[in-house]
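In: sequence first, then the predicted structure, then my questions.
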Amino acid sequence: MLTWKTILVAIWTLAAIKTLAATMIPTPKAMTNILGSTLTGSDRKQPILARSKGTERKLEDEKLEYKARKMLTAEKRKLKDKGRVIPDYTGFEYEKRLRKVATRGVVKLFNAIRMQQKMTETAVETATVERGTQMAKDKAKNVSTMSKANFLDLLKSGNAT
């Protein structure tokens, strides 16, 4: 059963075969010419690129660029690795203890901050219950704020738990 689709496919296929045949005809002639030509001693190393010196130069340039890029990346890597220190596996226990001490200090600091915030909140609540004015609230906040020395004393005493 012939449909328009099959007819069009057949026409396109025939056109493609004709185009392919037209392009393939010069190829054997060119091949015999290349194979029949004589090459000098230096051209025998690369017989395919013997006639196109530009391609050979381009390949050499690409090789040089590749080597230059490789050297640049090696230098960059050396500069990047210059300050790096390979970790000493014997110091892991010491690092672990330091981490533990730092964690304890941070927990103590946050507990002291929380305790100070609670003290401020209770002072503000008592001021609002007693007086109820905005000025009293502000005054209670200012009174309950702790100085740096008092805060450090609170941290040192360990009452921030």
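Out: Here it is on my side, so go on.
In: now tell me which helix or strand of the chain has the poorest mean pLDDT.
Out: helix 134-144 (a mean of 67; mean pLDDT, DSSP states H and E).
In: got the phi/psi numbers for the residue nearest the centre of the chain?
Out: Centroid-nearest residue in the chain, with C-alpha atoms, centre = their mean: residue 80, separated by 15.2 Å. Residue 80 has phi and psi values of phi -70, psi -40 when expressed as degrees, to the nearest 10.
In: now do it against residue 105, distance only.
Out: Between residue 80 and residue 105 the computed distance is 33 Å (C-beta to C-beta, to the nearest Å). C-beta: built from backbone N, CA, C; applies to glycine.
In: next secondary structure after the host helix or strand of residue 16?
Out: Assigned by DSSP states H and E, residue 16 falls within helix 4-24. The C-terminal neighbour of helix 4-24 among helices and strands, as given by DSSP H and E, is helix 26-36.
In: any idea how far that next one is from the chain center?
Out: 52 Å (C-alpha atoms, centre = their mean, to the nearest Å).
In: how about stretch 57-67?
Out: The chain centroid and the centroid of stretch 57-67 are separated by 29 Å, computed with C-alpha atoms, centre = their mean.
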